[in-house]
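Enquirer: What follows is a predicted protein model with its sequence.
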Amino acid sequence: MGLLTPIAIKLGSYSWMPGLLPQITWTDKHLQRLTRGRVSMVGIAGLPSLLLTVKGRKSGIPRTTPLLCVPWQGGWLIAGSSFGAPKPPIWSANLRAAETVEIVYNRRPYTCRWRELTGEEKDRAWAHMTTVWPNYDKYTEWTDRVIPVFLLTPA
């Protein structure tokens with residue numbers, strides 16, 4: 001947790017944030033590209049993040065998305081929350097269609113397997129995730145869809 005984490009958590013709690021997601025993602029991708037991964041918007045906020053690269057399920061073209069993540073059990077938890085937007089993020093459907101994905105965490109590349117968590121395991125993971133990003137609970141209130149949680153582990 002960093003000095004700017006409380007500010008980031010406050011900003012992330014506003015219901016208008018889903019509307020800014022495309023701009024946030026675009027800015028973060030370019031910021032990381034310009035700094036060769038040294039600086040990210042989530043990192044500035046003192047939060048853990050990764051770059052997820054997964055092939056498009058239809059196009060086969062690799063797509064990279066910066067995501068908030070939570071280290072857990074030797075891997076990383078990610079949530080398909082989109083700040084509680086009504087539609088799930090496209091990367092989550094692409095992930096479900098892939099066997100493995102590429103991530104960059106702390107400027108180190110990993111090939112990972114993934115699995116979607118359910119039941120009690122998801123509940124435990126969710127409780128841990130909200131210690132890092134309390135707004136996940138708000139996002140469940142803002143949407144009617146079930147927010148998926150994925151565990152990425154090095155292959």
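Expert: Arrived safely, thanks for sending. Numbering: from 1, shown residues only.
Enquirer: can we go C-alpha only for contacts and neighbour counts from here?
Expert: Will do.
Enquirer: For the residue nearest the centre of the chain, pull up the helix or strand it's in.
Expert: Nearest residue to the geometric centre of the chain (CA atoms, centre = their mean): Leu67, 3.1 Å. Assigned by DSSP states H and E, Leu67 belongs to strand 62-68.
Enquirer: Check Met129 too.
Expert: Of the helices and strands defined by DSSP H and E, Met129 is found in helix 119-132.
Enquirer: Tell me the first helix or strand C-terminal of that helix.
Expert: Immediately after helix 119-132, counting by DSSP H and E, sits helix 135-142.
Enquirer: what residues does that next one touch?
Expert: 9, 12-13, 15, 81, 83-86, 129-130, 146-147 (CA atoms under 8 Å, 6 or more residues apart in numbering).
Enquirer: can we see that at 10 Å?
Expert: 9-15, 18, 79, 81-86, 126-127, 129-130, 145-147 (CA atoms under 10 Å, 6 or more residues apart in numbering).
Enquirer: pLDDT weak spots in this protein?
Expert: 1 (pLDDT under 70).
Enquirer: Hey, what's the angle from the lengthiest strand in the chain to helix 119-132? Just curious.
Expert: Counting by DSSP state E, the longest strand found in the chain is strand 108-116. Relative orientation of strand 108-116 and helix 119-132, computed by axes from the mean of the first three to the mean of the last three CA atoms, to 10 degrees: 140 degrees.
Enquirer: Name the residues of strand 108-116 that are buried.
Expert: Using 16 or more other CA atoms under 10 Å as the burial criterion, the residues of strand 108-116 that qualify are Tyr110, Cys112, Arg113, Trp114, Glu116.
Enquirer: What ranges does the protein have for its helices?
Expert: Residue ranges of the helices in the chain, as given by DSSP state H, are 5-12, 21-34, 41-44, 90-96, 119-132, 135-142.
Enquirer: Can you tell me which of these is nearest to Pro154?
Expert: In terms of CA to CA, the element of the helices of the chain nearest to Pro154 is helix 90-96, at 14.9 Å.
Enquirer: neighbours around Ile24, how many?
Expert: When neighbours are counted by other CA atoms under 10 Å, Ile24 registers 15.
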